[in-house]
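Peer 1: sharing a sequence plus its predicted fold:
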Amino acid sequence: MRIILLGPAGSGKGTQGELIERHYGFPRISTGDLLRLEVQKGTELGKMVADVMKSGQLVADELVLRLIKDRIIDPDCQAGYVLDGYPRTLNQARLLEQMEDNRQETVLEIYVSEEAVMERLAGRRVCPECGAVYNIKNNKQTIEGRCPVCGAVLTVRDDDRPEVIRERFRIYRETIGALLEHYIKKQVLFRVDGNRTVEEVFGSIKSILDERITGSQGESSRP
Ligand code: AMP
């Protein structure tokens, strides 16, 4: 099973991806996290993408594909995996299908309003040490500005500045139409209202995935 999470930054893809990983055991693969790790480690690839990421623009398809390719061949991805932040364009969707065309696919589009996204991202803080993500509105224990898990000083992501958030949202709106059309044609697209609590959103996702997983088991056991 390949689960694809679509939605603008701040729609809750990361949180829902983690919940899916915990519940179903399919690892969450975030291209944003993989790219940020390359930047942090100062690799060749990291140096190539750092400025593009800061501006909120998309990194070149072939660079992102390289990271995905290396990750999905890991043994823990065999039964399934969750993609968070990939594909961002129709071309990326096609490249993925060329690379691995025989997987059952479920695409979840989490839709949210632009105002909700702006508010959520303005409150987002990340821990530079352990990678935990918080929202200062919901996590009262981060009031001191420190990570409740490891104590490091929380930071704001470079691309969570309001002007960059707007640019990321603009790019999302520009590219999402073609992707949705593609997945509607394949009959694998499910829409989920992300303007609700984390638990409510996950409840909807769970009913979709449970049905898809049971359905596919039924199919594969057919003679
Ligand atoms: P994210 O953490 O998903 O919001 O991604 C952060 C940034 O990483 C994006 O604004 C892009 O610059 C880059 N990025 C992540 N995933 C992709 C992708 N699939 N294609 C191109 N750029 C990406």
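Peer 2: Alright, I've got the coordinates.

Peer 1: longest strand of this protein?
Peer 2: strand 105-111 (DSSP state E).

Peer 1: who touches the very next helix or strand once past that one?
Peer 2: Under the assignment DSSP states H and E, the closest C-terminal helix or strand after strand 105-111 is helix 114-122. Helix 114-122 is touched from outside by 8-12, 135, 137, 160, 162, 165-166, 169, 194-195, with contacts defined as CB atoms under 8 Å, 6 or more residues apart in numbering. Just so you know, the C-beta spots here come from the backbone N, C-alpha and C atoms, and that holds for glycine as well.

Peer 1: residue 164 contacts residue 56, correct?
Peer 2: Yes - when contacts are counted by CB atoms under 8 Å, residue 164 is listed as touching residue 56 (4.2 Å).

Peer 1: need the residue closest to the centroid of this structure.
Peer 2: Centroid-nearest residue in the chain: residue 84, 2.1 Å away (criterion: CA atoms, centre = their mean).

Peer 1: the helices in this structure, which residues?
Peer 2: Taking DSSP state H as the test, the helices found in the chain are 13-24, 31-41, 44-55, 61-72, 90-99, 114-122, 162-185, 198-220.

Peer 1: out of the ones you listed, deepest packed?
Peer 2: Highest mean neighbour count among the helices of the chain (mean count of other CB atoms under 10 Å): helix 13-24, with a mean of 19.

Peer 1: quick one: that helix near the ligand?
Peer 2: No - shown here: helix 13-24 not in contact with the ligand (CB under 6 Å from any ligand atom), separated by at least 7.4 Å.

Peer 1: so what's residue 205 up against?
Peer 2: Counted by CB under 8 Å, 6+ apart, residue 205 has contacts 16, 19, 20, 108, 192.

Peer 1: next one: the residue of the chain found nearest the ligand, what pLDDT does it get?
Peer 2: Here the chain gets closest to the ligand at one residue, residue 32, 2.0 Å apart by CB to the nearest ligand atom. We have a pLDDT of 95 for residue 32.
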